[in-house]
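>>> what follows is a predicted structure for the sequence shown.
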Amino acid sequence: MMTMTQILRAKLTQTAADLFEECKQQPPVVRVETPSDPKFGDYSTNLAMQLAPVVKDGPMRIADKLKVALGTVPGITTIEVVPPGFLNFRVAASWFTQQVRAILDAGKEYGASTIGEGKRVILEFISANPTGPMTLANGRGGFAGDTLANVLVAAGYKPFREYYVNDIGGQVEKLTESVIRRSFQLKGIKVDYPTDLYQGEYVLEIAKKLHLERYKLKSANELKQRVKGRVVKMMLTELQRVAAKKLGIGYYRWFRESELYEQRLDEKALALLAEKGLIYKQDGATWFRTTQFGDDKDRVLIKSDGEKTYFLADIALRWNRFRQRKFDCEVLFLGADHHGYQGRMQAAMSALGFEKKLEIVIVQFVRLIKAGQEVKMSKRAGNYVAIEELIDEVGLDAARFFFLMHAANTHMDFDLDLAKEKSEKNPVYYVQYAHARICSIVKKTKGLPTKKGAAISEPAALGLIKQLLRLPELVEEVAMSYDVHKLPFYTMRLAETFHVFYGQVRVIDHGTVNPRALELVQATKLVLAKTLRLMGVSAPEKM
RNA sequence: GCCUCCCUAGUUCAACGGAUAGAACGCGAGAUUCCGGAUCUCGUGAUAGAGGUUCGAUUCCUCUGGGGGGCACCA
């Protein structure tokens, strides 16, 4: 089903091309909006103003020409030209009311789009090191990534959720060392515990579960090797539990860094870069000339001690994703502390011929406020609040909604003391209440006589239909911009519009049902539930 | 010092370069003899400062001030 914006966009593009020579060569990008103020019509475009510098004429004159050339458009009753050059369209009430039927007919498919063209896109998000509990920022990135994946499905892409596990390397070594030392301490053996080891409580818990005394040790090194494997496994299991059970995120795959080395993809990546003369040795280390691709400085791939950097692994990983597994593109969600990583990563992509395949979304930190004071959090020091605790406190729906409301690139504050109180004032309940109310109404209409009602044309009803019609556009918008925060704002708007409608139009009137109003309410339920599902938030029947 | 993100109402956040800058919470005043008052209606109140580009700037550019995060052979 075509939305009115799609119809108008197509019409206007064609008309502009017919009218102006300049538009034949390069078709203008036509934007059609739904103005907030009804006096500007139901739909509006600024095309004439955009065209003014191109065709070198006044916006008002262009708007007039467009209006005349457009002629009549089905469903449109009037076209107004308004200074400084807007074209405002008014839609027939009958067209709107017909759309309700169309939404219900589309059912679960309503809002779906084909702009994705079946492209396979891999989404990597969270990917916190398996060295401690997930942070609030991890959760924030996780909700955004998961939601975007849902939207991409609706937009016709084939998304693939992946968690990249750094199961080897310095951080894992450090955690293992931490666990071993804690184990000794548990047995009453005095060992020192340097401050650069992991300080969190969870290290003790792992140490308790490990029962180190059962190991028959030959050497400290052997102990470490055997413990390491188990520590990683325990941490991984824990992360998987939190993701699935607490965050409500289902990953298709947990990809281990060690898999890359088992497949020798690091060597593959090195060979490719060497072939292009992009590698050199200095001070015993192997360097990659990322400066040739706009990076500030060259980067190390293999350290002088023979250890491979995560950067090398990340390059090998892209080879795996784009060449071996043939993904068309990737969206990578990174914490703000990694933003300096973008330059070298994109440089590597250019070097390997993967230009524009990798899109990086930087998710800004969550600042925790406690008793009016900012809490400085550090994973190593163990003095931070895990996302799991927050969800236990306020519930998954409230947590997801709250985090999703904030655009990824803005810093956000989270007041922990107000978490509980805030959860009751969380707009998610406002939205869910609208859904529950609708379910209740629909249930009550069962078995009641139906009144022969004319089409509904109350302003509140038309306003509600207009909101419902926004969903398909929203899905496309979010799929292209990754602005998932638009979803919760849309549901709030939709719920509000519904509540207003509820106050003005009766579905059940003195024991009889107005069938047109009932249809509209059912369509609203469908759209509300669909949007909430995209966000991973439940749509309760009652609350 | 260099790079980057942010600065909008008392608070937390919205607004592809468009028309009167929107919500939520807070505060103040109202609304229901029938569908869920976790609702609705009205009021309160903001673009950090100075320039620039533009028909038009919260949005783009420059400078200033304030805050977050980077600037490793860590991730």
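Ah, there it is. Residues are numbered from 1 along each chain as shown, chains lettered A, B, ... in the order given.
>>> average pLDDT across stretch A:274-287?
For stretch A:274-287, the per-residue pLDDT values average out at 93.
>>> quick one: residues in contact with that stretch.
Residues outside stretch A:274-287 that contact it (C-beta atoms under 8 Å, 6 or more residues apart in numbering): A:270, A:273, A:288-289, A:292, A:298-304, A:351. Where C-beta positions appear, they are placed from N, C-alpha and C, glycine not excepted.
>>> those residues in strands, which ones?
A:F288, A:R299, A:V300, A:L301, A:I302 (DSSP state E).
>>> turn the residues you listed into JSON lines, columns for distance to RNA strand B and neighbour count.
Listed next are the ones in strands among the contacts of stretch A:274-287 as JSON lines, based on distance: C-beta to the nearest atom of the strand, whole Å; neighbours: other C-beta atoms under 10 Å:
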{"residue": "A:F288", "distance to RNA strand B": "11", "neighbour count": "28"}
{"residue": "A:R299", "distance to RNA strand B": "7", "neighbour count": "21"}
{"residue": "A:V300", "distance to RNA strand B": "3", "neighbour count": "17"}
{"residue": "A:L301", "distance to RNA strand B": "9", "neighbour count": "23"}
{"residue": "A:I302", "distance to RNA strand B": "8", "neighbour count": "19"}
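>>> max pairwise distance over those: which two?
A:R299 and A:I302 (10.9 Å; C-beta to C-beta).
>>> ok, now which ones touch the residue lying closest to A:M543 once chain neighbours are set aside?
Excluding the flanking residues, the one nearest A:M543 by C-beta to C-beta, 6 or more residues apart in numbering is A:A436, at 4.9 Å. Applying C-beta under 8 Å, 6+ apart to A:A436 gives the contacts A:P540, A:E541, A:K542, A:M543.
>>> which among the residues you listed are in contact with RNA strand B?
Checking these against RNA strand B by C-beta under 7 Å from any atom of the strand, the ones in range are A:E541, A:K542, A:M543.
>>> specify the local secondary structure of the second one.
Here A:K542 is coil, with the state taken from DSSP: H, G, I helix; E, B strand; the rest coil.
>>> quick one, what contacts it?
By C-beta under 8 Å, 6+ apart, the contact list for A:K542 reads A:A436, A:C439, A:S440.
>>> repeat that for 10 Å
Taking C-beta atoms under 10 Å, 6 or more residues apart in numbering, we find A:K542 in contact with A:Q432, A:H435, A:A436, A:R437, A:C439, A:S440, A:K443.
>>> show the pLDDT at the third one.
With respect to pLDDT, A:A436 has a value of 96.
>>> same check on the fifth one?
In the prediction, the pLDDT value recorded for A:C439 is 97.
>>> which residue, other than its chain neighbours, is closest to it?
A:E541 (4.4 Å).
>>> which residues touch the one you found?
Counted by C-beta under 10 Å, 6+ apart, A:E541 has contacts A:H435, A:A436, A:I438, A:C439, A:S440, A:V442, A:K443, A:K525, A:A529.
>>> which among those end up buried?
A:H435, A:A436, A:I438, A:C439, A:K525, A:A529 (16 or more other C-beta atoms under 10 Å).
>>> count of residues packed around A:V68?
Neighbour count of A:V68, defined by other C-beta atoms under 10 Å: 12.
>>> what packs against the helix or strand harbouring it?
Assigned by DSSP states H and E, A:V68 belongs to helix A:59-70. If you count contacts as 3 or more C-beta pairs under 10 Å, 6 or more residues apart in numbering; DSSP states H and E, helix A:59-70 packs onto helix A:4-19, helix A:47-55, strand A:76-82, strand A:86-91.
>>> please write out the alpha-carbon positions of it in CSV.
Only the C-alpha atoms of helix A:59-70 are listed here, as CSV (Å, rounded to 0.1, in the frame of the first residue of the first chain):
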residue,chain,number,x,y,z
PRO,A,59,9.7,30.2,-5.0
MET,A,60,6.1,31.5,-5.1
ARG,A,61,6.1,31.4,-8.9
ILE,A,62,7.6,27.9,-9.0
ALA,A,63,5.0,26.8,-6.4
ASP,A,64,2.2,28.2,-8.6
LYS,A,65,3.6,26.3,-11.7
LEU,A,66,3.9,23.1,-9.7
LYS,A,67,0.3,23.4,-8.5
VAL,A,68,-1.1,24.0,-11.9
ALA,A,69,1.0,21.2,-13.5
LEU,A,70,0.1,18.7,-10.8
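>>> centre of the chain to it, how far?
40 Å (C-alpha atoms, centre = their mean, to the nearest Å).
>>> other residues contacting it?
A:8, A:11-12, A:14-16, A:18-20, A:45-58, A:76, A:79-89.
>>> repeat that for 7 Å
A:11-12, A:15-16, A:18-19, A:47-49, A:51-52, A:55, A:79, A:81, A:83-85, A:87 (C-beta atoms under 7 Å, 6 or more residues apart in numbering).
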